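> Sequence first, then the predicted structure, then my questions.
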Amino acid sequence: MTATATGGVDAHAESGRILVVDDEPQIRRALRLALRTRGYSVLEAATGEEALDLAAAELPDALILDLGLPDLDGVEVCQRLREWTRVPVVMLTVVDDDEAKVRALDAGADDYITKPFSIPELLARLRAVRRRAEAPAPDGESTVVAGDLRVDLARRVVTRGSLEVHLTPTEYGLLRHLVRHPNRVITHGQLLQEVLGTGYGDATGALRVYMAALRKKLEADPGEPRHFVTEPGVGYRFRTE
């Protein structure tokens, strides 16, 4: 079922085709109206199988994918998509279901938002995942800058303002993984495996300690971090804005 954008497009119109996958008609309708108003065209699916068929046939620019579908759940849909495409996926999850959020991100979702959600926040997340998909690969970026923080990955030098900051090897490994995936949620499990290795799958307490040390060295106010943001029950996000 394909729908094209119609009149009423505002001055900040976006472009591209978005596949909305949700079994609740009222949510699909709300998203359809919001997306069309901003210049997107919209594809809709009420089941996982329908979503996979549409994604293969229509090649949308991004998906808004509900986790709870009547046939396949959103995690399985995302896993099957990742077998052949890197199309950006924003997953819709239920409030406080941290395990589901982690499963969605581990399955390849680019971001998530919890129900009930605000349309402006969802659209902002959609724009962010599409920007990341269009950006050069992280391996081509040797320097990451956010505010007064500068991370030179090629030289392994970290500065805040005009001062060089010394990090332990573990702190630097954590920082490197976060900055190579800017504005994206990285789960506890992903960070632990990347930074500490496979034997530390449950060491979230240690991860909190390392993150606290990183914030103390790199944030202006470690108690109110600007760049190293906690996603409660899920992981962390390096925010560049």
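Arrived safely. Numbering: from 1, shown residues only.
> How is the chain partitioned into domains?
2-134, 139-238 (automatic domain parsing).
> Output the ones you listed as a markdown table; include the columns mean pLDDT and mean neighbour count.
Placement of C-beta: from N, CA and C, glycine included. Below are those laid out as a markdown table (pLDDT from 0 to 100; neighbours: other CB atoms under 10 Å):
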| stretch | mean pLDDT | mean neighbour count |
| --- | --- | --- |
| domain 2-134 | 87 | 18 |
| domain 139-238 | 88 | 16 |
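> Which stretches in this protein count as strands?
Secondary structure of the chain (DSSP state E): strands at 2-3, 17-21, 41-45, 62-66, 89-94, 111-115, 143-146, 149-152, 157-160, 163-164, 185-187, 228-231, 235-238.
> counting contacts, what elements does the second one pack onto?
When contacts are defined as 3 or more CB pairs under 8 Å, 6 or more residues apart in numbering; DSSP states H and E, strand 17-21 sits against helix 25-37, strand 41-45, helix 48-58, strand 62-66.
> do you know which of these lies nearest Val90?
Val90 lies closest, by CB to CB, to one member of the helices and strands packed on strand 17-21: strand 62-66, at 5.2 Å.
> Mind listing the residues bridging to Thr230?
Tyr236 (DSSP bridges).
> Would you confirm that it contacts Arg239?
No - between Thr230 and Arg239 there is no contact under CB atoms under 8 Å: 10.9 Å.
> Would you mind measuring from Leu19 to Val144?
Remark: distance between Leu19 and Val144 (CB to CB, to the nearest Å) = 31 Å.
> actually Arg86, sorry about that
21 Å.
> Please apply the same query to Val179.
Distance of Val179 to Val144, given as CB to CB: 4 Å.
> Residues that sit against both of the two, list them.
Both Val179 and Val144 are contacted by Val151, Leu153, under the criterion CB atoms under 8 Å, 6 or more residues apart in numbering.
> give the contact list for Gly173.
Counting by CB under 8 Å, 6+ apart, Gly173 has contacts Glu194, Val195.
> what's the answer for Ala57, then?
Applying CB under 8 Å, 6+ apart to Ala57 gives no contacts.
> Residues contacting stretch 15-22, please?
28, 31-32, 35, 39-46, 48, 50-51, 54-55, 58, 60-66, 69, 74, 77, 92, 126, 130.
> Would you mind writing the CA trace of it as CSV?
C-alpha atoms of stretch 15-22 as CSV (Å, rounded to 0.1, in the frame of the first residue of the first chain):
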residue,chain,number,x,y,z
SER,A,15,11.9,14.1,1.4
GLY,A,16,12.1,10.4,0.9
ARG,A,17,9.9,7.4,1.5
ILE,A,18,9.2,6.1,5.0
LEU,A,19,7.8,2.7,5.7
VAL,A,20,5.6,2.8,8.8
VAL,A,21,5.0,-0.6,10.4
ASP,A,22,2.5,-0.9,13.2
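> Not counting its neighbours along the chain, what's nearest Leu178?
Spatially, and ignoring its direct neighbours in sequence, Leu178 is nearest to Phe238 (3.9 Å; CB to CB, 6 or more residues apart in numbering).
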